[in-house]
Structures are given as structure tokens and as C-alpha cells.
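S.K.: need a structure here:
(chains A and B)
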Amino acid sequence: MQQHLTEEQLIAHYYHDADGASAEEHLASCGECRARFETLRDVLALVDQLPIPERSDAYGEEMWTRLRWKLGSERRRSRVWGTIAAIAAALALAFIGGILWHARTQQSVPAQQSTVAHAAQPTPVQQAAIESASKDRLLLVVVSDHLDSSERMLLELSNADAKQPLDVSSESKRAGELVASNRIYRQTAVRRGETRIASLLSDLEPVLVELSHAGSTLSPDEVAALQKRIDSKGLLFKVRVVSAQVGGHEAPATPPRKGMDSL
Amino acid sequence: MTRIESKPSGMEITTDLAVVSRARSGDADAFRQLVERHSRTTFRVAYRMTGNEHDADDVVQETFLRAYRQLRHFEERANFSTWLHRITVNCSLDLLRARGRADRHYGGDPESAELAGAGRTEPQQDRLLMSADLQKHVAAAMERLSSNERTAFVLRHFEGMPVEEIGKTLGIQVNAAKHTIFRAVRKLRESLEPFVRSTPCNNT
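M.R.: Just a heads-up that it's a prediction; the model follows:
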């Protein structure tokens, strides 16, 4: 008794897949299967006829008009961040320079200078408080810059297409630099009792380390794993919140919306 | 089987690459050229995927925004159209998955679609051949597919994408992709068979 073709074989034959290659001969000799195949073909021909709304020749121009504003906004934001980063870097250098200068001064100031009139200087307690406040402000400035850089990197990763390899050669190098500063800021934050910042930097560090070790390309699985890690910890949102708070801005009210924002 | 876009010629690829190269160096006018050149094709892919005009417009916009952000990752030996096509598919898939299918209407009301389309261009020959009633049935049959089934079907049927590639796009094994396509076609056949012929097409 002749074995009829399955629907899967008919579909494979329709799409010229390898699985359907042997169907041709059977169809030539089996009227029942031939009728089923013709029905399938007619059904798919119906689907082919479903119209697509046409867009005019001006559609590209209209789309560009819509995009131009958004792209302009992205470029402006990028320039602003670049300026902020440059200022923060300068402040960070000043901060480090100040610490070094302070350490040298402490070592070299002769004991006789302590005879200078105390009335003109703050008391040791006041001096410590001033220095502490100053260091706190500088810490917030440099951490804010650090978080901005990290946020941009996390955003790029989150938006990356997890279905194809991702070139991360420049990000990997940048992550290596961020790991070093992340450790310093985390330790400083711990010492100064900034537990919120310390905790965030602690969450951020493994992602930066992983990326810094990634080499030049991430496989789709690695991209997906990193995205899952960022997403599961709500890392991007936490970075935005703390960044806004230490930068003196208003924190975002809600976590980022899933969907088109993540495209 | 139809293709919604013919493959670009070598000259077009060269031209695209030259423009992409300029766009990568920050030339906004070059990116504008890419948008103007590929918007309509991108819309057609997005519409096939989402089944909704407004969603398709949104997908086109998001596709170009994402392409702009990732332009530096584009490999010059690749075909820009193919690269953009993949982004469009991913954007559409993300949109479908994020929104779910509760409020989806494949093609919407055919009469409204006719009115919306009429102001834009001349009606296509296909549109004249297919009655509004039949369009409604075909649209409803497409609507009954899950987002994965519709994506797999659209990529196989309209885009001619190999099953292996469809598996990669959906993040599933090749066999699973194959069965997703089978399920989609079977559902369409079950829904639309009464409209094509009286011959029964039973499963064997």
C-alpha cells in the first residue's frame, strides 16, 4: 500500500527544503497527495495577496524628519557628557594632586610653624571637618563621572543585538580602565561610609571585569548573558538613580520601560 | 512564494558602503541618504512582521535609531541592506514580544486600510484581485498565529530566509524553527482551506 506524504513533507516540498526533495516523484503518481499539495499552494497564494500599505516616495524624507530631531538630541547629549567627563577628569586630577600636596606638606612642615597665631586658623576639629566635606564633594564628582561612563557602556550593551557577535574591542579597553577606578572609588566610599555608592560599585564591578576580559568580540551567548546580568540586577536603573543623586539631579521615577526603549 | 525585495545589485552595495563609510565619520547627510534609500523597504518588512501600519512606522524609526547607534559595529564586508533587515526583524520581534498580542490586529480593518492606503499611492493589482471580505479572513488567519509562528512564517515565506537563520533569529534550535513554520502553515491552511477549494486536505 502506498504511503501518503505527511503535511510536513508537503510544506518542505513547497519551500524546496531538503526534507521535501523526495516528494516530487510521489506527487506525480498520487492524485490524493497532489490535490492536498495544490490546496496548500492555493492557501499560501492567498496569503501572498494580502496587501501591504504602500508608502509614497516621500516616506524616506518624512522618516528622516522624524529621526533628525532624535539623532540631534543624541548627539547633543553625547557632547554634553563629553564636556562633563572632561571637567570631572580635571577635578579628579586636582583631587589627587591635592591629596599628594597635602601629604607632602604634612611631612615637610617644620614643627616651628605651629607657633603661628592660632587665632587666624581654624581649630584642628574645624580643619578636619572642612577637609572631610571637601573630599566628600570631590568623591561625589568623580563618582558621578565614573557612573556616567559606566551607564553609557551598560546602555550600549543592553541595546546590543544579542543574536549576533558583538565587537567590544573599544568597550573592553574602556571597561579595563573603569575597573581600576571602580575599585578605588568603592574602597573610598566604604571608608567614608557611603554605603549606597559602595554597594552599587560592588554590583557594577563584576560586569566591568567580565567585559574587560572579553577580548575583541562577544559571542551572542555572552552578549545575552551580560544583558541578563545587567537586567536581573536592575543595574542600569540603579546607576541612573545614584548618578542622578550624586550629581544633584532628580532621579528617574520609574525603571526603564521594556519594549521599544530596549531596541 | 513572493519576495518583497529583490537583492541589491553590486553597484548598489558599493554605493551603500560608500555612504555608510561617510555616515560613520559623522556625516549626517550621508545617514539621511541611507534613511531615504531604505525606509520603504524597511517599512514593508516591518509591516509583514507586525501586521500594523503604525507599529511598522515605529519599527522603521527604531530600526534607523538603532542602526545609527551601532553603525560602528557594521562590518564593511557585509551588505548594509541585510544588516538593516536583521535589525528590522529584531526590532519587530521585540515590539511584538513586549506588547503581547492582545491588542494586535493584522492589517486592521481592511476598509480602513484601503482608505489609509488610497491617499498614498495607487492601489496595487493584488488589492484589486482580493475582495475585502477575503482579506479579512486572511488577516484573521495571520492574527491567529503566535508571534513566533508569524515571525518564522514571514521570514521563511516572504523573506526566503533559511530555516537555520530563522532558528538563530528566534533563539531556538533548527528543528524547533522547522516545526514552528509547519505549525504556522498548518494553521493558515486550516483557516483558509474553505476559501480556496472544496478538496479536503487532511493530515496524514
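
S.K.: Tell me how far B:Tyr68 lies from chain A.
M.R.: B:Tyr68 sits 6 Å away from chain A, going by C-beta to the nearest C-beta, to the nearest Å. Placement of C-beta: from N, CA and C, glycine included.

S.K.: scratch that, B:Ser21
M.R.: Distance of B:Ser21 to chain A, computed by C-beta to the nearest C-beta: 16 Å.

S.K.: Helix or strand for that residue, just tell me which one.
M.R.: Using DSSP states H and E, B:Ser21 maps to helix B:10-24.

S.K.: For the next helix or strand after that helix, list every residue counted as buried.
M.R.: Using DSSP H and E, the next helix or strand after helix B:10-24 towards the C-terminus is helix B:28-50. Buried residues in helix B:28-50, counting neighbours by 16 or more other C-beta atoms under 10 Å in any protein chain shown, are found at B:30-50.

S.K.: Helix B:28-50 packs against which elements?
M.R.: Packing partners of helix B:28-50 (3 or more C-beta pairs under 8 Å, 6 or more residues apart in numbering or on different chains; DSSP states H and E): helix A:59-108, helix B:10-24, helix B:53-69, helix B:80-99.

S.K.: mind redoing it with 10 Å?
M.R.: Packing partners of helix B:28-50 (3 or more C-beta pairs under 10 Å, 6 or more residues apart in numbering or on different chains; DSSP states H and E): helix A:59-108, helix B:10-24, helix B:53-69, helix B:80-99, helix B:147-153.

S.K.: I'd like to check the angle between that helix and helix A:59-108, please.
M.R.: 110 degrees (axes from the mean of the first three to the mean of the last three C-alpha atoms, to 10 degrees).

S.K.: Could you check how far helix B:28-50 is from the centre of its chain?
M.R.: Here helix B:28-50 is found 12 Å from its chain centre; the criterion is C-alpha atoms, centre = their mean, to the nearest Å.

S.K.: Just the C-alpha atoms of it, please, in PDB.
M.R.: Output in PDB follows, covering the C-alpha atoms of helix B:28-50 (Å, rounded to 0.1, in the frame of the first residue of the first chain):
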ATOM      1  CA  ALA B  28      24.600  63.400   9.000                       C
ATOM      2  CA  ASP B  29      23.700  64.000   5.300                       C
ATOM      3  CA  ALA B  30      25.100  60.500   4.500                       C
ATOM      4  CA  PHE B  31      22.900  58.900   7.100                       C
ATOM      5  CA  ARG B  32      19.900  60.800   5.700                       C
ATOM      6  CA  GLN B  33      20.700  59.200   2.300                       C
ATOM      7  CA  LEU B  34      20.600  55.800   3.900                       C
ATOM      8  CA  VAL B  35      17.300  56.600   5.600                       C
ATOM      9  CA  GLU B  36      15.700  57.900   2.400                       C
ATOM     10  CA  ARG B  37      17.000  54.900   0.400                       C
ATOM     11  CA  HIS B  38      15.900  52.100   2.700                       C
ATOM     12  CA  SER B  39      12.800  53.400   4.600                       C
ATOM     13  CA  ARG B  40      10.200  52.000   2.300                       C
ATOM     14  CA  THR B  41      11.800  48.500   2.100                       C
ATOM     15  CA  THR B  42      12.200  48.600   5.900                       C
ATOM     16  CA  PHE B  43       8.500  49.500   6.300                       C
ATOM     17  CA  ARG B  44       7.400  46.600   4.200                       C
ATOM     18  CA  VAL B  45       9.400  44.100   6.300                       C
ATOM     19  CA  ALA B  46       8.200  45.700   9.500                       C
ATOM     20  CA  TYR B  47       4.600  45.600   8.300                       C
ATOM     21  CA  ARG B  48       4.800  41.900   7.400                       C
ATOM     22  CA  MET B  49       6.200  41.300  10.800                       C
ATOM     23  CA  THR B  50       3.900  43.400  12.900                       C
END
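
S.K.: Confirm that A:Pro53 sits in a strand.
M.R.: No - going by DSSP: H, G, I helix; E, B strand; the rest coil, the assignment for A:Pro53 is coil, not a strand.
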